[in-house]
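A.B. asks: below: sequence and its predicted model.
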Amino acid sequence: MKLSNNFSLSEFTTSPTAERLGIDNTPTKEVTDNLQELVTFVLQPVRDRFGSITISSGYRSPELNKAIGGSTTSDHCLGCAADFEVHSQDNRVMAQWIAHNLNFKQLILEFYHAGDMHSGWIHCSYKQGHNNKQKLNALKDGTKTIYTEGKW
């Protein structure tokens with residue numbers, strides 16, 4: 001199923017972990033509708049501006065989310081979030097562009113290290129009526145992930 005000219009539903013549901021563990025990662029109609037909005041209002045504009053996007057994590061069924069140790073309140077489980085990269089662009093530059101040009105619920109520059117344009121990735125969520133434009137950085141401190149206000 002196509003979500004836009006450049007995105008298919010399978011990009012958001014394919015998971016090697018789900019396949020390996022035999023977890024059904026098929027989205028409901030509501031989740032698919034949420035993914036459609038995410039693509040329309042965030043990912044397609046990013047694609048149009050920066051070029052081809054690689055989705056590393058899209059929809060996660062609650063069972064898959066638990067298997068990978070995701071947050072129990074993850075927007076991934078609702079089809080409202082994706083983790084992605086554009087390999088030809090600095091993730092910080094993309095985060096800045098999204099923050100200034102798009103509407104979103106949460107934008108996280110994850111595990112980015114200044115000077116290494118290919119470090120980390122972008123997490124962005126979109127949920128109609130809940131887009132408060134929260135900007136965060138995520139960094140590892142030992143085994144813990146530390147979130148700070150996104151100042152880029």
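C.D. replies: That came in fine, so what should we check first?
A.B. asks: longest strand in this protein, by number of residues?
C.D. replies: Ordering each strand of the chain by length in residues (DSSP state E) puts strand 134-141 first.
A.B. asks: what's in contact with that strand?
C.D. replies: By CB atoms under 8 Å, 6 or more residues apart in numbering, the list of residues contacting strand 134-141 from outside reads 95, 99, 105-112, 123, 145-152. C-betas here are computed from N, CA, C, even on glycine.
A.B. asks: distance between it and the chain's centre?
C.D. replies: 14 Å (CA atoms, centre = their mean, to the nearest Å).
A.B. asks: partner strands of it, with direction?
C.D. replies: strand 106-110 (parallel), strand 144-149 (antiparallel) (DSSP bridges).
A.B. asks: how close does Glu110 get to Asn65?
C.D. replies: 16 Å (CB to CB, to the nearest Å).
A.B. asks: need the mean per-residue confidence for the longest strand of the chain.
C.D. replies: On average, the pLDDT along strand 134-141 is 96.
A.B. asks: just the CA coordinates of it, formatted as CSV?
C.D. replies: This file holds the C-alpha atoms of strand 134-141, laid out as CSV (Å, rounded to 0.1, in the frame of the first residue of the first chain):
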residue,chain,number,x,y,z
GLN,A,134,8.8,19.5,21.8
LYS,A,135,12.5,19.5,20.8
LEU,A,136,14.9,17.2,22.6
ASN,A,137,18.4,15.7,22.3
ALA,A,138,19.1,12.1,23.4
LEU,A,139,22.5,10.9,24.4
LYS,A,140,23.8,7.8,26.1
ASP,A,141,25.3,8.0,29.6
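A.B. asks: much appreciated, bye for now.
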